[in-house]
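Enquirer: Below are the sequence and a predicted model; questions follow.
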Amino acid sequence: MYAAMPRDILLVVGNEIIEAPMAWRARFFEYRAYRTLIKDYFLRGAKWTTAPKPQMSDKLYDLDYPIHSVEDRQKLAVLGKFVTTEFEPCFDAADFMRAGRDIFVQRSQVTNYLGIEWMRRHLAPTYRLHTISFKDPNPMHIDATFNIIGPGLVLANPQRPCNQIDIFKKAGWTIVAPPSPLMPDDHPLWMGSKWLSMNVLMLDEKRVMVQKNETTIQKMFEKLGIKTIKVNISHANSLGGSFHCWTCDIRRRGSLQSYFD
């Protein structure tokens with residue numbers, strides 16, 4: 001594909017850059033677009049890890065999976081069945097969401113349990129992985145469904161509720177439901193949904209990059225005391241993804257915190 005979304009390919013945890021193995025055959029070589037940058041970071045002291053590259057044989061996929069039926073996909077998702085099998089580890093980095101020492105991940109069409117277990121062992125004991133799931137017939141990438149927007153604040157898609165939301169409630173977190181997207185029906189979307197409106201990039205606890213035309217979610221952030229930086233990224237929405245997908249933060253100031261003790 002076009003390698004335009006580094007968040008799908010790279011997961012940055014502490015001083016380590018992890019290359020995801022990916023699950024789509026069409027995306028196998030996307031990491032190569034970022035190798036020059038990764039090598040530069042490595043030479044300046046970063047750790048660089050490449051997860052096991054899958055063979056991507058037919059055994060990794062359920063060739064009878066009903067890709068066109070939303071109802072059938074929903075039933076299969078409830079049963080824990082997806083288009084990817086457990087033949088070998090696979091995952092996209094965009095199925096992981098970080099919150100200090102805790103990392104949340106979903107089993108999706110592109111991330112299997114073997115991939116999650118590889119990450120769990122690789123990051124232990126410093127980081128803890130939590131597998132969460134959503135009422136979603138076609139889970140693939142977590143950040144238009146569930147997006148952490150600051151310590152104690154999580155943006156949760158009201159149409160795809162989290163089945164393990166009590167983890168956050170018990171920790172005293174505030175669950176924020178974003179308003180319905182304002183994207184017009186005639187906007188071309190080949191690889192995403194209107195809920196890319198919540199695919200925002202938190203620059204820090206008080207500043208967020210948000211789609212210029214999504215005025216209702218801007219008001220939501222402003223009520224939370226978060227300044228909105230408005231940018232038009234509608235052209236990127238068509239290809240799939242928004243600010244969170246089209247960026248990958250390498251450095252952040254501050255210390256490593258634990259929010260779920």
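Expert: Okay, I see it.
Enquirer: wait, I175 sits on F168?
Expert: Yes: with contacts counted by C-beta atoms under 8 Å, I175 reaches F168, the gap being 6.3 Å. Just so you know, the C-beta spots here come from the backbone N, C-alpha and C atoms, and that holds for glycine as well.
Enquirer: Spell out which residues are contacts of both of those two.
Expert: V154 (C-beta atoms under 8 Å, 6 or more residues apart in numbering).
Enquirer: Now do the contacts for W195.
Expert: Counting by C-beta under 8 Å, 6+ apart, W195 touches A144, T145, N157, Q159, P178, P181.
Enquirer: how does it look with 10 Å?
Expert: W195 is in contact with D143, A144, T145, N157, P158, Q159, R160, P178, S180, P181, M183, S242, counting by C-beta atoms under 10 Å, 6 or more residues apart in numbering.
Enquirer: ok, now I9?
Expert: Neighbouring residues of I9 by C-beta under 10 Å, 6+ apart: 3, 18-22, 27, 30-34, 92-94, 248.
Enquirer: Going through the residues you listed, which ones are buried?
Expert: Those of those that meet the buried threshold are 18-22, 27, 30-31, 34, 92-94, 248, by 16 or more other C-beta atoms under 10 Å.
Enquirer: Inside helices: which ones of those residues?
Expert: Among the buried ones among the contacts of I9, no residue falls in helices (DSSP state H).
Enquirer: With distance to L11 and pLDDT added, can I get those residues in CSV?
Expert: Converted to CSV, those look like this (distance: C-beta to C-beta, whole Å; pLDDT from 0 to 100):
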residue, distance to L11, pLDDT
I18, 4, 98
E19, 8, 97
A20, 6, 97
P21, 11, 96
M22, 12, 94
R27, 15, 95
E30, 14, 95
Y31, 12, 96
Y34, 12, 97
D92, 9, 97
A93, 4, 98
A94, 9, 96
C248, 8, 96
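Enquirer: from those residues, which is closest to E214?
Expert: Nearest to E214 among the buried ones among the contacts of I9: A94, at 20.1 Å, using C-beta to C-beta.
Enquirer: could you show me where the strands are in this structure, in order?
Expert: 10-13, 16-19, 47-50, 96-99, 102-106, 128-132, 146-150, 153-156, 174-176, 201-204, 207-211, 227-231 (DSSP state E).
Enquirer: Which of these sits closest to S57?
Expert: strand 47-50 (19.5 Å).
Enquirer: what lines up beside the closest one in the sheet?
Expert: In the sheet, strand 47-50 lines up against strand 16-19 (parallel) (DSSP bridges).
Enquirer: contact partners of the strand it pairs with?
Expert: 9-12, 30-31, 34-35, 37-38, 41-42, 46-51, 53, 91, 93, 96, 119, 122-123, 248, 250.
Enquirer: at 6 Å instead, please
Expert: Residues outside strand 16-19 that contact it (C-beta atoms under 6 Å, 6 or more residues apart in numbering) are L10, L11, Y31, I38, A46, K47, W48, T49, T50.
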